[in-house]
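Asker: Compute the structure for the input listed below.
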Amino acid sequence: MSTSDAISTSSAARQLPDRLSCDVAVVGYGPVGITFAALLAQAGHRVVVVERFPQRYDKPRAGHFDGETMRTFQQLGIAREVELLVRKMNSYQAVSSTNEVLAALKDGDAGSGWHKSYLFHQPEVEDHIDARGQALGVQVLMNTTAVDIAQTADAAQLIVRDSDEPDGATCTIDAAFIVGADGSNSFVRQRLGVDKRDLGFPILEDLAIDFEYNDPDVEVPLGEAGHLLDDNHIITFGRWTGGRISRVEVCKLEGGTRDYLEKEETAWSFLAKFGLTPDMGRIARNSVYKFECTVATQWRQGRVFLVGDAAHTTVPFMGQGVCAGIRDAANLSWKLDAVLRGKADAAFLDTYASEREPQATGIIRMAMAMGAMVMPAAGESEVLREELRVGGAQNASQVFPRLGVGVVRDADHPAAIPAEGRPSLQARVGWQGRVDLLDEFVEPGWKLITRHPVSEDLLSESQKALVAELSMQVVHVSRAAGSGHYIDIDGDYDAWFQATGQRAFLVRPDHYVFGAAPTIDDVPALLDSLGDTLESHGWAIDRAHAVAG
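Answerer: Numbers count the residues shown, from 1 in each chain. Next up is the predicted model:
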């Protein structure tokens, strides 16, 4: 039984109070809402989550996440437990109906300290995020429906009631901020009157089949992950969706019908293409989902924010749906933390949308391009083969877009480099006789990662004050012998410094690079740039008069 199952209550078993108060109220308890709530609670804030259903949905929707998502799980302290449940995706193949390999790719390290891609059974992973969040103090109100939102310049109110009593008494949740993590049909977005912008990709209907084995160890003629392409369907497959289940997804092309996809015999016919039969296990789920490519026209309205599918939706060709939502959670949580602690004013929160909207839109467009590549019209198989041979590997290896304008050095800054506005490296280091990933040794927050030590004499008093104000950790990493720095075990940091031509990286609390310095002597200018950027967006620090220490 999951934690949310254990605490779920019905109207007969509980009575909502007339009023509750918290720092942040969250609507929706899917993977994004769970993660966001846990991150904010980890920072020490009071979080109340409302979920309209009596328990968390026990069927998987997403089947893939990436190393950046795993790094967020690491920040929450659950990555090792999650790693036991998920399976690395080591390779991808696109094959024709005659088993001709059209494209073959290898997956490896993502630079996050974790693998590039993981296949997972969503409810198992959500159980761990849920348990961690509630251990950190997240208050979850299951079977509770949001019915209205009100806000002033200084506060917000979420009005809720028991889902079993649509005409029953309401409860008012007083909060500093409200976050809508309630999916593509978001009540919060609709209540705000926010429209969705269609990016112009055809709406897809996709049959997702999860096959649970009697013996998970059985060998079957099912590749690790990829697409099977024929003239009638695009079939996505994954052998290890967690440790017990394989997934097969069937995209309905033009001329197909939803009724056909929803039949159980249809599911068995597609499973049979991979040698999966009823005597080997059972269909744990066969559901048809609708996918579209949209972006909300506003991600913030006053004290109310949209995250995850409430803000953007994509097609499944790159497996980035849940990853995008967790990027939202990581981005918004540290900024809300700063505002709730009085370090920044509410204007600072505008950087959430200005950074994430262009990045999320860019990744959706990459998924659209992949979809266009694997969805040919009838008779275009030869064109498809050539596109995959030439463009498949290029598309898969593209670097994701950087963050938009915000708490990141401008892309047109004379000293800007491609690593800025993108996730920082994490690799193995040694410290005091122990070897682990760097984030295991340092606290969440701002970091200055350097190739050489930074002398205090190098910094002015205002720069020292900025470092102190941000509780910034200076992290010296080197392959050299010594006890005063982290040992670069695999040489990955050295390679990072050498490849980029930089000797210091300023890293934000969400692990994204603000900016870099080509020499240690350039660190003071980098700190000044950070201070100027923070102040321009509403960070309330007086560097000239702040006292370090």
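Asker: Helices of the stretch 51-200 of the chain, start to end?
Answerer: With DSSP state H, counting those that start in this stretch applied, the stretch 51-200 of the chain shows helices at 67-76, 79-85, 122-135, 187-192, listed in chain order.
Asker: name the helices or strands packed onto the longest one?
Answerer: Spelled out, that is helix 122-135. With contacts taken as 3 or more Cβ pairs under 8 Å, 6 or more residues apart in numbering; DSSP states H and E, helix 122-135 sits against helix 3-7, helix 31-42, helix 67-76, helix 79-85, strand 139-141. Using the backbone N, CA and C atoms, a C-beta is placed for each residue, glycine as well.
Asker: The second one now?
Answerer: Contact partners of helix 79-85 among helices and strands, from 3+ Cβ pairs under 8 Å, 6+ apart: helix 67-76, helix 122-135.
Asker: List the contacts of that helix.
Answerer: 70-71, 73, 114, 120-121, 124-125, 128, 242-243 (Cβ atoms under 8 Å, 6 or more residues apart in numbering).
Asker: where does this structure dip in pLDDT?
Answerer: Scanning the chain with the threshold set as pLDDT under 70 gives 1-14, 108, 231, 253-256, 376-398, 542-549.
Asker: any idea which helix is longest in it?
Answerer: When the chain is parsed with DSSP state H, its longest helix is helix 350-374.
Asker: ok, and for that helix, which residues are buried?
Answerer: Along helix 350-374, the positions that meet the burial threshold by neighbour count (16 or more other Cβ atoms under 10 Å) are 350-361, 363-368, 370-371, 373-374.
Asker: On the three-state scheme, Asp439 is what?
Answerer: helix (DSSP: H, G, I helix; E, B strand; the rest coil).
Asker: I'd assumed Phe73 was in contact with it.
Answerer: No. Contact between Asp439 and Phe73 fails when scored by Cβ atoms under 8 Å: they sit 11.0 Å apart.
Asker: Of those two, give the one with the bigger neighbour count.
Answerer: Between Asp439 and Phe73, counting by other Cβ atoms under 10 Å, Phe73 is the more crowded of the two (24 against 19).
Asker: Let me see the contact set for Tyr512.
Answerer: With contacts defined as Cβ under 8 Å, 6+ apart, Tyr512 is in contact with 403, 408, 421-424.
Asker: Can you get me the start-to-end distance on stretch 295-311?
Answerer: Using Cα to Cα, to the nearest Å, the span of stretch 295-311 from its first residue to its last is 6 Å.
Asker: what's the answer for stretch 499-511, then?
Answerer: Distance across stretch 499-511, first residue to last, is 19 Å (Cα to Cα).
Asker: what separates that stretch from the chain centre, distance-wise?
Answerer: When C-alpha coordinates are averaged (Cα atoms, centre = their mean, to the nearest Å), stretch 499-511 and its chain have centres 20 Å apart.
Asker: coming back round to it: turn the helices and strands packed on helix 79-85 into TSV, columns for distance to Gly302.
Answerer: Listed next are the helices and strands packed on helix 79-85 as TSV, based on distance: least, Cβ to Cβ, whole Å:
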stretch	distance to Gly302
helix 67-76	27
helix 122-135	26
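Asker: Figure out which of those is closest to Gly531.
Answerer: In this view, those are compared for proximity to Gly531 by Cβ to Cβ, and helix 67-76 is the closest at 24.8 Å.
Asker: Walk me through the domains of this structure.
Answerer: Segmentation of the chain into domains, based on the TED database, reads 19-88+108-197+295-371, 204-291, 422-537.
Asker: Quick check: which of the ones you listed is buried the most?
Answerer: Of the domains of the chain, the one with the most neighbours on average (mean count of other Cβ atoms under 10 Å) is domain 19-88+108-197+295-371, at a mean of 21.
Asker: Can you get me the start-to-end distance on that one?
Answerer: With Cα to Cα as the measure, the first residue of domain 19-88+108-197+295-371 is 47 Å from its last.
Asker: Bridged to Val429, which residues?
Answerer: With beta bridges defined as DSSP bridges, Val429 has these partners: Asp436, Asp488.
Asker: what does Ser91 give?
Answerer: Where Ser91 sits in a bridge, its partners, by DSSP bridges, are Lys106.
Asker: For it, give me its contacts.
Answerer: Ser91 makes contact with 104-107, 223-226 under the criterion Cβ under 8 Å, 6+ apart.
Asker: How about Thr236?
Answerer: 226-228, 247-251, 316.
Asker: That one sits in which helix or strand?
Answerer: strand 233-238 (DSSP states H and E).
Asker: Report the angle between that strand and helix 350-374.
Answerer: Inter-element angle recorded for strand 233-238 and helix 350-374: 120 degrees (by axes from the mean of the first three to the mean of the last three Cα atoms, to 10 degrees).
Asker: Name every sheet partner of strand 233-238 and say whether each one runs parallel or antiparallel.
Answerer: Partner strands for strand 233-238, per DSSP bridges, with pairing direction: strand 225-229 (antiparallel), strand 245-252 (antiparallel).
Asker: Just want the angle from the longest one to helix 122-135.
Answerer: Just to be clear, that refers to strand 245-252. Per the same axes, to 10 degrees, the angle that strand 245-252 makes with helix 122-135 is 110 degrees.
Asker: gap between strand 245-252 and the chain center?
Answerer: With Cα atoms, centre = their mean, you get 22 Å for strand 245-252.
Asker: Check the first one too.
Answerer: Taking the mean of its C-alpha atoms, strand 225-229 sits 24 Å from the chain's own mean (Cα atoms, centre = their mean).
Asker: same deal with stretch 76-95?
Answerer: The offset between the C-alpha centroid of stretch 76-95 and the centroid of the whole chain comes to 14 Å, using Cα atoms, centre = their mean.
Asker: For that stretch, list the C-alpha coordinates in CSV.
Answerer: Coordinates of the C-alpha atoms in stretch 76-95 are reproduced here as CSV (Å, rounded to 0.1, in the frame of the first residue of the first chain):
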residue,chain,number,x,y,z
LEU,A,76,15.3,14.6,-2.4
GLY,A,77,17.4,11.8,-1.1
ILE,A,78,15.6,9.0,-2.9
ALA,A,79,17.7,8.3,-6.0
ARG,A,80,19.3,5.2,-4.8
GLU,A,81,16.0,3.6,-3.9
VAL,A,82,14.5,4.7,-7.2
GLU,A,83,17.6,3.3,-9.1
LEU,A,84,16.6,-0.2,-7.8
LEU,A,85,13.2,0.1,-9.3
VAL,A,86,14.0,1.6,-12.8
ARG,A,87,16.0,0.2,-15.6
LYS,A,88,18.6,2.0,-17.7
MET,A,89,17.8,2.4,-21.3
ASN,A,90,21.1,1.5,-23.0
SER,A,91,20.0,1.5,-26.6
TYR,A,92,17.3,2.5,-29.0
GLN,A,93,16.4,1.0,-32.4
ALA,A,94,14.0,2.0,-35.1
VAL,A,95,13.0,-1.1,-37.2
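Asker: now the residue positioned nearest the centre of the chain: how far from Met70?
Answerer: Among the residues of the chain, the smallest C-alpha distance to the mean C-alpha position (Cα atoms, centre = their mean) belongs to Ile326, namely 2.4 Å. Between Ile326 and Met70 the distance is 10 Å, computed by Cβ to Cβ, to the nearest Å.
Asker: cool, Val47 as well?
Answerer: Distance check for Val47 against Met70: by Cβ to Cβ, it reads 22 Å.
Asker: ok, now Met370?
Answerer: Met370 sits 22 Å away from Met70, taking Cβ to Cβ as the criterion.
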